[in-house]
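# Everything below, folded, please.
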Amino acid sequence: MPPIAIPSNLVESLGCKSPHDALLALADESESTALKLAEELAASLSTTKKHSAATGSHNNSSSAGSGRRSKREDSAISFTGGQFVPLPRSLRDAPRPTRKISQKGSNSSITDHETITNSSSSASHALTHATLASESILSSLSKIASGGSAASSEMRQLESHRQRLDEEAINIDHALRIREGCQRGGDSLMGRRYGDAARAVADVNSILKECSMNALQLAGEEALEAHSKTKEVTKRAIGERYETAVANGDVVQLSELTPLLQMLDMAELGVRLYLQYSQSVLTKEMNLDAEEVPVDMAHVERAEGMSRAAMRRRAEEELLLRRTMSVPMKLARIYNAAVTHLRHHLPMVAYALGEADGDAALVQLVHVEAEKRAVDILRDYMSEKQLNLTVRRADGVGKKIEDRYIGGGFSARDDEINIANVLGFAGDALGGGGGSGGGTIDIVTKRMAAQKDDCGFQIEVGNLADVDAALEEWALVMQHTESYERFIRHAVNEVVKARKLRREQKIEEKNRLKELEEAKSREHGSEMTGSGRKSNERLSSGDVDVDQEEKVEILPPHTALNEVAAEIGGSYSALERCLLLAGMQRAFVHANYPDDSTFSPVVLDGSSNSLYGAGSRALQTNLVEECLFAARRSTLRAFATGHTGTASAAANVCVDVLGRLLLDVLIRRAELGA
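Next up is the predicted model:
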């Protein structure tokens, strides 16, 4: 590969066939020259101290002899550490470009330009070429910078002009929309189309929140006055029709007019009237009083597809049903009326009147109406059934049953005799007369007598069937109450979520409008540097407002209905415990005085045909199955109530009774059998 010719300067290197290789070669040459200069400089500095005296005397004699020094020699001497140090020879011999000032222009305007000229003897020196190249690059960059500044200024002017045009276009659009909305609202109002008029008013109001003063001026005062009149007349007309619909209970009219109230800033009036309508409807639906059937049905409006006679029969059936209605049915009627009303009306109220907290007010009203009636019914039913007195008696009976079968409170001798009779060797083991037929009759007689000795359960509480039916009814009452409680709590949670969502949307809209105002202010040059900090302060204050909204309680954590349900649950658990003990007591009596229904022989392989083989007298009893069945029935019924406290209490009672009473009886019977 032939050697590359080293260019004399940067300009020539750009014109070579391979500018990259030429620049590298020029860089290598410059580096070798710099190394050479550095070595000469180091050598000169090392000999400075040796020749300092001679240099000083030489300077004195030269100044005395000639009296002047040339410019080249003066510039070749530098001062370091208080002594003159001669520069290297290569630097002293390097040519110095001279600057000349040329004047251009007319007589009235003269511009000076500095140009670098070199003598013919120094044109080929490397430092000269480097200086010329640097000056050329600097000149080019200066021209580019000045051209870029001019272009940037023009672009800024064009952008500013575009922004002004956009702002004017937006103002014109707002003005046209305001006029169009005012015209549309007036035409709709003249045609009694109040829905279209309300929507037109709402559209104009939304534009007025965003438009500037210039847009209002373009729209004109006549359009704004027409909008104000249209809004006032529309609000008055819709308000009158809404009051009429509430008074007549017209659901269709309410469904049509309620969404229009928020558009006209009449949400608070709508909430008040809608609650009035809801209260009247709930009072009618929750009324449990039996109304007399009119004798003459001619004045009663006939239902579609029904004759007068059919309407009379249906009214008589409803009257009979209300007179014979049980407590669970009454509660179901009240709770179903509340749930149905919320399901039908809460979505529309939350959408149309949510800004005025109409959804929260509706939930509160429905719960208050249902709660006061349900609490009165439950209190009256508890008084009618003497629930507290029955619970105290049941506690006493349960304590007697436990004392009889736990520890040593029962007669062990009777159990020994009964077990011996069961095994068929009473005469051998205990000396009693034991024929099979006479023993069976005696066992049946004793069992009937023992069943009467039930620790006072039948006298104090009632028979097992009646107590079981009463507990079924109480469980159904608690189930209805707990289902309604869960529904109303779910509705409250949904309302809270909706309130929070509306609050966040309102804050976002408010911040958007403020950011738009700040952007307009910055465009006009009137925005200060602290605008970002102010915006952050607004956002934080909005978050605080959201937290305050979450703390608002629609319903208290514990209501009067919760207290009554908890009281009934405690009484129910006590009665369930007493019933379980009574059921287990009956199983013990059947086991002590058995027959073919409570015992069966155990079949063993290889000894089934032998009357006297191993296991021929072994019997299996259903004592444990009867006790577990009673515990299972009690536990499932408690779980069906849906009340967590009642279910937990019933489960604990079953575990305690099975673990103490049943286990103790089985251990004693096993010991006696052994």
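# Counting by contacts, list what the host helix or strand of A130 packs against.
Counting by DSSP states H and E, the element that carries A130 is helix 126-190. Helix 126-190 sits against helix 10-14, helix 19-46, strand 110-117, helix 194-210, helix 213-219, helix 221-248, helix 464-523, with contacts defined as 3 or more C-beta pairs under 8 Å, 6 or more residues apart in numbering; DSSP states H and E. Yep, even glycine has a C-beta here, placed from its N, CA and C like the rest.
# which parts of the second one are buried?
By neighbour count with 16 or more other C-beta atoms under 10 Å, helix 19-46 contains the buried residues 22, 25-26, 37, 44.
# Please find the angle between the direction vectors of it and helix 126-190.
Between helix 19-46 and helix 126-190, the angle comes out at 130 degrees (axes from the mean of the first three to the mean of the last three C-alpha atoms, to 10 degrees).
# Helix 19-46 - contacts with which helices or strands?
Helix 19-46 packs on helix 10-14, strand 83-86, helix 89-93, helix 126-190, going by 3+ C-beta pairs under 8 Å, 6+ apart.
# List just the one of these that sits closest to K506.
Shortest distance between K506 and the helices and strands packed on helix 19-46, using C-beta to C-beta, is found for helix 126-190: 22.3 Å.
# what mean pLDDT does the closest one have?
In this model, helix 126-190 has an average pLDDT of 81.
# With adjacent residues omitted, what lies nearest to G185?
Distance criterion C-beta to C-beta, 6 or more residues apart in numbering; nearest residue to G185, sequence neighbours excluded, is A200 at 3.5 Å.
# Also H480?
Closest to H480 by C-beta to C-beta, 6+ apart is L331, at 4.7 Å.
# do you know how far that neighbour is from M382?
Here the criterion is C-beta to C-beta, to the nearest Å. By it, L331 lies 13 Å from M382.
# now G249
For G249, the distance to M382 - C-beta to C-beta - is 35 Å.
# cool, L580 as well?
Using C-beta to C-beta, one obtains 22 Å as the distance from L580 to M382.
# Next: G570.
Distance from G570 to M382, counting by C-beta to C-beta: 12 Å.
# more crowded one of those two?
Taking neighbours as other C-beta atoms under 10 Å, G570 and M382 compare with M382 leading, 18 against 14.
# could you list every residue that touches the more buried one?
388, 567-568, 571 (C-beta atoms under 8 Å, 6 or more residues apart in numbering).
# quick one: which of these has the most company?
That'd be I568 among the contacts of M382, by other C-beta under 10 Å, with 22 neighbours.
# Which other helices and strands does the strand or helix carrying that residue contact?
Assigned by DSSP H and E, I568 falls within helix 560-592. If you count contacts as 3+ C-beta pairs under 8 Å, 6+ apart, helix 560-592 packs onto helix 358-384, helix 387-405, helix 412-423, helix 436-452, helix 457-460, helix 464-523, helix 623-640, helix 644-657.
# Out of the ones you listed, which gets nearest to T340?
In terms of C-beta to C-beta, the element of the helices and strands packed on helix 560-592 nearest to T340 is helix 358-384, at 10.0 Å.
# ok, back up a step: tell me the angle of the helix holding A130 relative to helix 194-210?
Relative orientation of helix 126-190 versus helix 194-210 (the same axes, to 10 degrees): 150 degrees.
# The helix holding I568: which residues count as buried?
Those would be 561-562, 564-565, 568-569, 571-592, for helix 560-592 by 16+ other C-beta under 10 Å.
# Does anything pack onto whichever strand or helix holds M329? Which helices or strands?
Counting by DSSP H and E, the element that carries M329 is helix 327-352. Where contact means 3+ C-beta pairs under 8 Å, 6+ apart, helix 327-352 is packed against helix 251-263, helix 267-285, helix 358-384, helix 464-523.
# D359 versus V496, what's the distance?
V496 is 10 Å from D359, by C-beta to C-beta.
# More neighbours: these two, which one.
Higher neighbour count among V496 and D359: D359, with 29 against 17, using other C-beta under 10 Å.
# my guess is that one meets L346, correct?
Yes. With contact defined as C-beta atoms under 8 Å, D359 and L346 form a contacting pair (6.1 Å).
# Mutual contacts of these two, please.
With contacts taken as C-beta under 8 Å, 6+ apart, D359 and L346 have V495 as neighbours in common.
# Which pLDDT does the model give S280?
Predicted confidence (pLDDT) for S280: 92.
# which non-adjacent residue is nearest it?
Among residues not flanking S280 along the chain, G249 sits closest, at 6.8 Å (C-beta to C-beta, 6+ apart).
# could you list every residue that touches the one you found?
Taking C-beta under 8 Å, 6+ apart, one finds 277, 280-281 in contact with G249.
# Okay, it and V363: tell me how far apart.
In terms of C-beta to C-beta, G249 sits 21 Å off from V363.
# okay, now the nearest residue to G642 once chain neighbours are set aside: neighbour count?
In this structure, G642 finds its nearest non-sequential neighbour in E482, 3.7 Å apart by C-beta to C-beta, 6+ apart. By other C-beta under 10 Å, 19 other residues sit near E482.
# right, and D203 touches G181 too?
Yes. Here D203 reaches G181: they are 4.9 Å apart, a contact under C-beta under 8 Å.
# what about the two, which has more around it?
Higher neighbour count among D203 and G181: G181, with 25 against 18, using other C-beta under 10 Å.
# For the stretch 551-674 of the chain, give me the ranges with low pLDDT.
Scanning the stretch 551-674 of the chain for pLDDT under 70 picks out 551-552, 593-620, 672-674.
# And stretch 248-260, what's buried?
By neighbour count on 16+ other C-beta under 10 Å, the buried set for stretch 248-260 is 250, 254, 256-260.
# could you redo those as JSON lines and give each row distance to E268 and pLDDT?
Output for the buried residues of stretch 248-260, formatted as JSON lines (distance: C-beta to C-beta, whole Å; pLDDT from 0 to 100):
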{"residue": "D250", "distance to E268": "21", "pLDDT": "89"}
{"residue": "L254", "distance to E268": "16", "pLDDT": "89"}
{"residue": "E256", "distance to E268": "20", "pLDDT": "89"}
{"residue": "L257", "distance to E268": "15", "pLDDT": "90"}
{"residue": "T258", "distance to E268": "13", "pLDDT": "90"}
{"residue": "P259", "distance to E268": "15", "pLDDT": "89"}
{"residue": "L260", "distance to E268": "14", "pLDDT": "89"}
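# of those residues, closest to R502?
For the buried residues of stretch 248-260, the closest approach to R502 (C-beta to C-beta) belongs to P259, at 15.4 Å.
# For the residue nearest to the closest one when sequence neighbours are not counted, give me its contacts.
Take P259 and drop its neighbours on the chain: the residue closest to it by C-beta to C-beta, 6+ apart is A352, 4.4 Å away. When contacts are counted by C-beta under 8 Å, 6+ apart, A352 touches 258-259, 261-262, 267, 270, 358.
# Roughly how far does A352 sit from A647?
According to C-beta to C-beta, A352 stands 41 Å off from A647.
# repeat for L623
From L623 across to A647, the span is 27 Å (C-beta to C-beta).
# how about the CA coordinates for stretch 168-184, as PDB?
The C-alpha trace of stretch 168-184 is given here as PDB (Å, rounded to 0.1, in the frame of the first residue of the first chain):
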ATOM      1  CA  GLU A 168     -59.400  33.200  18.000                       C
ATOM      2  CA  ALA A 169     -60.800  30.100  16.300                       C
ATOM      3  CA  ILE A 170     -61.700  28.600  19.700                       C
ATOM      4  CA  ASN A 171     -63.400  31.900  20.800                       C
ATOM      5  CA  ILE A 172     -65.400  32.000  17.600                       C
ATOM      6  CA  ASP A 173     -66.400  28.300  18.000                       C
ATOM      7  CA  HIS A 174     -67.500  28.900  21.600                       C
ATOM      8  CA  ALA A 175     -69.500  32.000  20.600                       C
ATOM      9  CA  LEU A 176     -71.300  30.100  17.800                       C
ATOM     10  CA  ARG A 177     -72.100  27.200  20.100                       C
ATOM     11  CA  ILE A 178     -73.500  29.500  22.700                       C
ATOM     12  CA  ARG A 179     -75.700  31.200  20.200                       C
ATOM     13  CA  GLU A 180     -76.800  27.800  18.700                       C
ATOM     14  CA  GLY A 181     -77.600  26.500  22.200                       C
ATOM     15  CA  CYS A 182     -79.600  29.600  23.100                       C
ATOM     16  CA  GLN A 183     -81.600  29.300  19.900                       C
ATOM     17  CA  ARG A 184     -82.200  25.600  20.400                       C
END
